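K.L.:
Return atomic coordinates for the entry below.
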Amino acid sequence: MMIWMDDALFSGSRYIDCLSVLHNAAIRGHSLTISNDPSARRGSPNFDEWKRSLSEKIKHEVDNILDKLKVIPSNIADRGFSKRLLITNREFSISNVCFVRLDEAVRAVSLPLHILVENQINDAAFLRHVMPPDCREELEKLERRGQIRYIQGGGLTEILKLIKFHIKDDNSRLVFGLPADVWKLLHFIIYDHDGKTSDSPSYDSKKTYLICEDNDMLHRSHRLMRKSQENYIPVDALKEIVNFKKKINNSQKEETQRNIGSYEKSGDKRFFEDVVKLSSNEKLFKSVFGEDAYEEIWKDEWFEKDGSWPEMRKLAESIVSSM
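P.N.:
As a prediction, this is how the structure comes out:
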């Protein structure tokens, strides 16, 4: 997140709040600028005086924090940073920014990026498995550090309702404790396509796209390019799941394997077929990601061969750039 912090806050504001913002922003990997003018680097006399008043030990810690906050990706303009967070208790007339008071900023900069998905467990497992190895490692690192967190959204209809609810400022302040604009900056939406072809997503999927577009969240959202998560299960994995499952009889297994063979021959059209209906036991392929019983079957080469990695790499980059 790109943050501007008003230099005036360092004159008369609570010492601990200013230090907390700097510390938490550095931990979360934000980029922060301190100055007396949000439109340019005009200097920071109050901050300089504040820093001089610190003990040598605290001053050294602040210098370390500032070094971390100065690290700004060179391609930041191309990675979705269309809105900055401005921390100030003064009034400015600036468009396309998100204003917060110092007390709100203390909470906002400490929060992780919330990745809103249908199922907190299965969807997170889906992303871990379908990502290229280097992207998976990066996202797992961020997750273990508490910098990203997967949030249960329910089905696509419920995700749409949650977005509609939280983009109203009063609602966001009530249940999230921060303005709606901050809710948008701290959320990333991942949702299903649910359509029959690539260019015909379902009604709710279209509505979700439009509400993200209208609220400057397109770069903080991703609609799956295939019908659903089940369409990202590689054919080899589908075959292995059938062999692995003990609760279906041999005739069901043979029928399912034949259906998988036809599914495989359908080429890219298979990405919009209903995978769960390949078996008479419709629970066989439903939400298999995150199931402990299947953890040993996933192979990276299957996902690479299936062709999902380019999309997933782009998704991983979008998530990281939204933090």
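
K.L.:
Okay, helices next: where are they in this structure?
P.N.:
Taking DSSP state H as the criterion, the chain carries its helices at 15-27, 45-52, 56-69, 102-108, 122-130, 133-144, 156-166, 169-175, 180-185, 203-214, 235-244, 250-265, 300-306, 309-321.

K.L.:
what does the fourth one contact?
P.N.:
Among residues not part of helix 102-108, those counted as contacts by C-beta atoms under 8 Å, 6 or more residues apart in numbering are 5, 9, 13-14, 17-18, 20-21, 24, 85, 87-89, 100, 177-179, 182, 185-186. From N, CA and C alone the C-beta is placed, and that goes for glycine too.

K.L.:
gap between the two ends of stretch 301-319?
P.N.:
24 Å (C-alpha to C-alpha, to the nearest Å).

K.L.:
Show the average pLDDT along that stretch.
P.N.:
In this model, stretch 301-319 has a mean pLDDT of 95.

K.L.:
could you list every residue that touches residue 54?
P.N.:
residue 62 are the contacts of residue 54 under C-beta under 8 Å, 6+ apart.

K.L.:
Tell me how far it lies from residue 90.
P.N.:
According to C-beta to C-beta, to the nearest Å, residue 54 and residue 90 sit 24 Å apart.

K.L.:
what does residue 148 give?
P.N.:
32 Å.

K.L.:
Looking at the two, which is more packed in?
P.N.:
Taking neighbours as other C-beta atoms under 10 Å, residue 148 and residue 90 compare with residue 148 leading, 21 against 11.

K.L.:
Wait, the more buried one touches residue 323, no?
P.N.:
Yes: Residue 148 lies in contact with residue 323 (C-beta atoms under 8 Å); the separation is 7.1 Å.

K.L.:
any common contacting residues for the two?
P.N.:
113, 142.

K.L.:
residue contacts, the nearest residue to residue 160 once chain neighbours are set aside?
P.N.:
Nearest residue to residue 160 in three dimensions, chain neighbours excluded: residue 208, at 5.1 Å (C-beta to C-beta, 6 or more residues apart in numbering). For residue 208, the contact set (C-beta under 8 Å, 6+ apart) comprises 156, 159-160, 163, 189, 191, 221, 223.

K.L.:
and residue 323, how many neighbours?
P.N.:
Residue 323 has 16 nearby residues by other C-beta under 10 Å.

K.L.:
With residue 128 instead?
P.N.:
Counted with other C-beta under 10 Å, the neighbours of residue 128 add up to 17.

K.L.:
which ones are touching the residue of the chain most remote from its centre?
P.N.:
Within the chain, the residue lying farthest from the chain centre (C-alpha atoms, centre = their mean) is residue 251, at 42.3 Å. By C-beta under 8 Å, 6+ apart, the contact set of residue 251 is empty.

K.L.:
ok, the closest residue to residue 94 other than its chain neighbours to residue 101 distance?
P.N.:
Closest residue to residue 94 apart from its sequence neighbours, by C-beta to C-beta, 6+ apart: residue 38 at 6.2 Å. With distances taken as C-beta to C-beta, residue 38 is found 15 Å from residue 101.
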